[in-house]
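Any chance you can model this:
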Amino acid sequence: MKKVLIVTYYWPPAGGPGVQRWLKFANNLTNFDIKPYVLVPKEPNYAIIDNSLENEISSKINVISHPIFEISDFLPFKNYFNSFRSGNINQINDQSFFEKILFFLRGNLFIPDLKIFWRNKAVKFLKKYLKKNKFDTIITTGPPHSIHLIGLDIKKEFDINWIADFRDPWLMLNSNKKFHFSSQTKSKHLKLRNLVLQNANKVIVTSDKLKNYYGKLTNNIVKITNGYDRINLKYDLDKNFTITHVGSLYPDRNPEILWEVLESMCVNIQGFENYFKLQLIGNIDKKIEKSLSISKFAKCISIKGYIAKKNTYSYIFSSQLLLMVESVENVMSYVIPGKFFNYLFSKRPIIAIGPSDSEIEQIMNKLKCGNYFTIDQKEALYNYLNGCYEKFLKNDLKSGQFSAEKYDRQNLTKKLVKLL
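Below is the predicted model of the structure:
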């Protein structure tokens, strides 16, 4: 039986998207005669907690926790830091003087990220652990990308197969642009990134655009996307014309074009407000919440806040339409959010709003699972939503007939097994 060591920062009880990928892979690897060990931080400061995920950890996984020094525990405004760690960072033009100073210090003092203080602790532990315990492969996953530096240090000391899993474009990461990196800081990031790419035996990425991006720096690259769990679910469709969004809505992820279209539909379509329901599941920026509270469709809005992942399925599967929103910045076109695959599994029509040249748009066009819009396509979005509403009134807004089995996590794990 092969033994694999996975080093990750995000692990239950962490909530949010970062924890899902390797929790699911580790569970599934046990079905392929592979014994996963997972090194995680002990008592970390997670920005989002989902205790229900602890029940999903297979008993066949050996979880090793090692102390981490969390600098954020000792910084003032801890809750504020946790808020922007989960994505709630003001755009550069909207940052106050205090925020600009704070973000500058965050970006230029802690390279590549706030978890860098776990590097030496984890490496020191692993040097002793790996002398007593033999592994076929070590896998590091980021962000946070300081986790890859642990793999880099271990690779220098041990003749071990090292796989680096990249879930985003590192330096081009959307939030990094708001940290006011100096040219020296950017150079340090590039140097560290390139060292990881050039020393890892294999690099896994989650999209074709990431593969092309990192493929300019290494040939040892493989795409394994995120995916969905194959589970038996059946929910009746909501009797309302329900649009559901699962995930956070923050300043750079605010679909103003959709709010304008919904306002217009309330004005132009008699009785629309009697049938329409907007469900927002996840953390919502206070400014967005306030603007929605005075909209013409305010009474149609249901804000649920963050809920356990297992409880989101009932909302997804019973909705008439599913909403996908990403930042309009081009860098986000490199990333395919995990919830997209849960949306696909439900077979409900998807409305996606984001940057041009997005990989999500390419997948949606291929599968014919909904429509994708950029922020300058207001009229097209209105017409599409209006058409969906008319189908709903005729009880004809049907589920898709496409196949998304390639994104089944069992099938994705088979690709991973081939690398191991």
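
can you map out the strands along the chain?
Remark: strands assigned in the chain by DSSP state E are 2-7, 34-42, 62-67, 137-142, 161-166, 202-205, 221-223, 241-246, 276-281, 301-305, 321-325, 350-353, 370-373.

can those go into a markdown table with extra columns for mean neighbour count?
To be clear about C-beta, it is placed using only N, CA and C from the backbone, and glycine gets the same treatment. Output for these, formatted as a markdown table (neighbours: other CB atoms under 10 Å):
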| stretch | mean neighbour count |
| --- | --- |
| strand 2-7 | 21 |
| strand 34-42 | 20 |
| strand 62-67 | 14 |
| strand 137-142 | 25 |
| strand 161-166 | 24 |
| strand 202-205 | 23 |
| strand 221-223 | 17 |
| strand 241-246 | 23 |
| strand 276-281 | 22 |
| strand 301-305 | 14 |
| strand 321-325 | 22 |
| strand 350-353 | 23 |
| strand 370-373 | 20 |
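
now Q279, nearest residue through space, not along the chain?
Excluding its sequence neighbours, the residue lying closest to Q279 (CB to CB, 6 or more residues apart in numbering) is T244, at 4.2 Å.

Enumerate the beta-bridge partners assigned to that neighbour.
T244 has these beta-bridge partners by DSSP bridges: Q279, L322.

for it, what are its contacts?
278-281, 315-316, 319, 321-323 (CB atoms under 8 Å, 6 or more residues apart in numbering).

Can you report how many residues neighbour I48?
I48: 20 surrounding residues under other CB atoms under 10 Å.

for the one 4 residues further on, same thing?
Applying other CB under 10 Å, we find 15 other residues in the vicinity of S52.

distance of it from Y235?
19 Å (CB to CB, to the nearest Å).

Also E260?
The value you get for E260 to Y235, if CB to CB is used, is 30 Å.

Check T140 too.
38 Å.

what's the answer for W118, then?
41 Å.

If you count surrounding residues, which of the two has more?
Per other CB under 10 Å, whichever of W118 and Y235 has more neighbours is W118, with 25 against 13.

What pLDDT does the model give the nearest residue to L321 once chain neighbours are set aside?
Using CB to CB, 6+ apart and skipping residues adjacent in sequence, the residue nearest L321 is I243, 4.7 Å away. On the pLDDT scale, I243 is placed at 98.

surely I243 meets M324?
No - the pair I243 / M324 is not scored as a contact, 10.9 Å apart, by CB atoms under 8 Å.

Give the residues shared as contacts by the two.
I351.

Tell me the bridge partners for the residue nearest to I64 when sequence neighbours are not counted.
Excluding its sequence neighbours, the residue lying closest to I64 (CB to CB, 6+ apart) is L39, at 5.0 Å. Beta-bridge partners for L39, by DSSP bridges, are V7, I64.

L39 and W22: what is the separation?
In terms of CB to CB, L39 sits 11 Å off from W22.

Overlap of the contact sets of the two?
In contact with both L39 and W22: 6, 8, using CB under 8 Å, 6+ apart.

Okay, now the unreliable bits of this protein?
74-95, 97-98, 173-177, 330, 332 (pLDDT under 70).

Walk me through the domains of it.
Domains of the chain are assigned by automatic domain parsing as 2-98+106-228+409-419, 241-393.

I'd like those laid out as JSON lines, including distance to S403.
Output for those, formatted as JSON lines (distance: least, CB to CB, whole Å):
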{"stretch": "domain 2-98+106-228+409-419", "distance to S403": "11"}
{"stretch": "domain 241-393", "distance to S403": "8"}
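
Mind checking those domains for the one nearest to F402?
domain 241-393 (4.1 Å; CB to CB).

For burial, what's the neighbour tally of I316?
Neighbours around I316, by other CB under 10 Å: 20.

Report the contact partners of it.
244, 246, 322, 342-343, 346, 348.

same check, this time on L210
L210 touches 166, 168-169, 223, 334-335, counting by CB under 8 Å, 6+ apart.
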